[in-house]
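Trainee: here is my input, please return the structure:
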Amino acid sequence: MEKMKHLSTFANSVVHRCALRFEISVSELVAEFESGWKADLGGYSRKLVEYCASKVLNEMCRNLDEEINEGRFARFTFDMMLAWETPSSADEEARPEYLAKEKEDREIPDAATKSTDEQEYISLFYSDIMPLCYATPKNVVMADDEFILHVEGTASSQRVIRHIGGQSWPGRLTLTNYALYFEASGIISYDDAIKLDLSKDIEQSVKAAATGPLGAPLFDKAIVFESSELEEEVQIEFPEMTSSTRRDHWLALIKEIMLLHKFLRKFEIKSPLQSWEMHARTILGIIRLHAAREMLRISPPDPKSFLIITLYDELPTGSSVLQELAKSLKSVDSGHPCSATSILLNLNVSQVSTRHAEIKVGIGDAEIADNKPDNISSLETAVEEVREEAKEINLAKAKEEEIKDEGIGNSAIVLMELVKPLKSVLPWCQDVIQWEKPASTLTVIGFILLVVYKEWVGKALAVFLMWVVSKMIWARRHEVGKKTKFVVCTASDQSTRESIVSAQHGLNTVYTIMQTANISILKIWSILLSNAPKHTDMVIMGMTGCAVVLAVIPVKFLIMASVLVIFATTSKLGKLIKRKQKDMGSHKLKGWWDSIPVIPVEIVDKPEEIPKAMKTE
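Mentor: Predicted coordinates for the structure are as follows:
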């Protein structure tokens, strides 16, 4: 077969099969693609694969049931995904695992033999693992368009346990595209199901939780559902020997359903057909996730890769993609053979047929070719931007994790190294304040007084910010950031015993600081609550006097006076006067502070022991 050198083996195969299906040459198919391709978009090889694959998928959707049953759909979509992953020959060379595949003879069969060969591939997963074949929960009347998406806790699946206080109840957990149901196991059958509605516009949340004996959080394998409609939270555990994969899977699916209904409310998608199209897309995403988990049981994939709304909801700029996605719902025909609604119809799902009988499936060629949303270009742009941002975020997080892995000692050393540039500023400030450089001190005093008097503080800050901007631009032009690396040396001339003693002294210092902080806060509370009347009266008088001064005298004159007082006290004359009054004033202030009684503190072991008057809601 004719090969295009810039395409990978898989991409060549997909393009040739597309051309063969439409009974045209590869050059004609490429020319048709290039007539609408914009060079400034880039990604020629991948865009070519997407174009060819979309044409064939549109064609297949005319008779999707037959394509699936005969295996053609499974084979083509699998090869299409491989071609999308490695569209160009450069991508293929960068992945050694595909070198052997490149040597395979993938000759395209002629029209007479292609159908026979394609029947050798059978379709997987479409009937055996889809959760749409499960029974409804006991005594539950489900909505017409409500689908069971995931079930566990049955005889053929792993256990699910609900914790209520100190009791545990095994049972069956069922997730639909509207709610979460739990049925406690009875002696013969299940008890009536409790319903947790995920579609309501109320304050509700679901999060990971840990459980264990006597309430000790030892096993991180549970979820907690909280809602303003419930008197108490619902805690459900997914017992597992090693990891918490089951819990994470359920958590992701529940969040996706909650976000689905939040998405429909946020973008005011009120049309039943548009709303159901979004439901169908979410359902198909969950079905694909189930299929992927069956294929990769040893290393299950990340659920976010299949759950559209969850994926983009967590990214900072993902909201732009969701906004474009909402616009696309208004321009896509849900009756089109390739729409999510039509695919569910072709999977013989009776609920869809009953609920949306008005949908017409099987439309003409012109409509098939015209099914793309009006905002497809803006949607693709938004997706590409989020993809690039996700790569940057993952790279930055990887570097953050390297820093977080450092111990307490190394983290402290790194912190001291990072703040070292500030140490060069402190000596200069001390020299200016202490009048070591009289000319610099007078210049600083004059500058501050002028700026404050003329009320140029905003302009001074603007000049400072522009100075910082100029430094940043200079650093970018000279690539200072790429050349900079903080090197921290942890070597020490102390012995092991000396290091242990130093660490102990450091802990004692931290402990002393905490004690001092607690006592100081308690003394302040004592003053505020008038537990020390004399001290409270003095503080009231002082604060009242300050309030009067601030109300009468303009703030700029107060600032100017404060600056002059600070620099005056650090001058030689000021130090001489201060030295004479220092001992008397400091002793009086210390005595005044020490005489303040602290608010009593009582430590209890149980919440029940807290006095009712002291409890806060």
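Trainee: do you have the strands of the stretch 101-250 of the chain handy? List them.
Mentor: Along the stretch 101-250 of the chain, the stretches classed as strands by DSSP state E, counting those that start in this stretch are 148-152, 161-164, 167-176, 179-184, 194-197, 204-211, 219-227, 234-237.
Trainee: list the buried ones in the longest one?
Mentor: Translated: strand 167-176. 171-176 (16 or more other C-beta atoms under 10 Å). C-beta here means a position set from N, CA and C on the backbone, and glycine is covered the same way.
Trainee: what does the fifth one give?
Mentor: By neighbour count, with 16+ other C-beta under 10 Å as the criterion, the buried positions of strand 194-197 are 194, 196.
Trainee: what residues does it touch?
Mentor: Strand 194-197 is contacted by residues 140, 178-183, 225, 227, 229, 234 when judged by C-beta atoms under 8 Å, 6 or more residues apart in numbering.
Trainee: what does the second one give?
Mentor: Contacts to strand 161-164, defined as C-beta under 8 Å, 6+ apart, come from residues 168-171, 182, 184, 211, 222, 234-239.
Trainee: list just the nearest of those residues to residue 255.
Mentor: Proximity of the contacts of strand 161-164 to residue 255 (C-beta to C-beta) peaks at residue 236, which lies at 14.3 Å.
Trainee: state the number of residues packed around that closest one.
Mentor: Residues lying near residue 236 (other C-beta atoms under 10 Å) number 26.
Trainee: one more: residue 323?
Mentor: Look at residue 323: counted by other C-beta under 10 Å, it has 17 neighbours.
Trainee: pull the contacting residues for it.
Mentor: Here residue 323 is in contact with 267, 382 (C-beta under 8 Å, 6+ apart).
Trainee: please, which helix or strand holds it?
Mentor: With elements delineated by DSSP states H and E, residue 323 resides in helix 318-329, which encompasses its position.
Trainee: just the helices from the stretch 51-200 of the chain, written as ranges.
Mentor: 64-69, 72-85, 89-93, 99-102, 114-118 (DSSP state H, counting those that start in this stretch).
Trainee: just the mean pLDDT for the longest helix seen in the chain, thanks.
Mentor: Counting by DSSP state H, the longest helix found in the chain is helix 496-528. The pLDDT scores in helix 496-528 average 83.
Trainee: repeat that for stretch 170-177.
Mentor: The average pLDDT for stretch 170-177 rounds to 94.
Trainee: what residues sit buried inside the longest helix of the chain?
Mentor: By neighbour count with 16+ other C-beta under 10 Å, helix 496-528 contains the buried residues 522-523, 526-527.
Trainee: packing partners for that helix?
Mentor: Using 3 or more C-beta pairs under 8 Å, 6 or more residues apart in numbering; DSSP states H and E as the contact test, the elements touching helix 496-528 are helix 533-552.
Trainee: quick one on the thing from earlier: deepest of the helices of the stretch 51-200 of the chain, which one?
Mentor: Across the helices of the stretch 51-200 of the chain, averaging neighbours per residue (mean count of other C-beta atoms under 10 Å) puts helix 72-85 on top, at a mean of 18.
Trainee: rounded mean pLDDT for that one, please.
Mentor: For helix 72-85, mean pLDDT rounds to 84.
Trainee: what helices or strands is it leaning on?
Mentor: In terms of contacts (3+ C-beta pairs under 8 Å, 6+ apart), helix 72-85 is packed against helix 9-21, helix 44-60, helix 64-69.
Trainee: the longest one versus helix 9-21: what angle between them?
Mentor: With axes from the mean of the first three to the mean of the last three C-alpha atoms, to 10 degrees defining the directions, helix 44-60 sits at 40 degrees from helix 9-21.
Trainee: report the angle between helix 44-60 and helix 72-85.
Mentor: Following the same axes, to 10 degrees, one obtains 170 degrees for the angle between helix 44-60 and helix 72-85.
Trainee: returning to that earlier point: in TSV: the strands of the stretch 101-250 of the chain, plus distance to residue 73.
Mentor: Below are the strands of the stretch 101-250 of the chain laid out as TSV (distance: least, C-beta to C-beta, whole Å):
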stretch	distance to residue 73
strand 148-152	22
strand 161-164	40
strand 167-176	27
strand 179-184	32
strand 194-197	36
strand 204-211	35
strand 219-227	36
strand 234-237	37
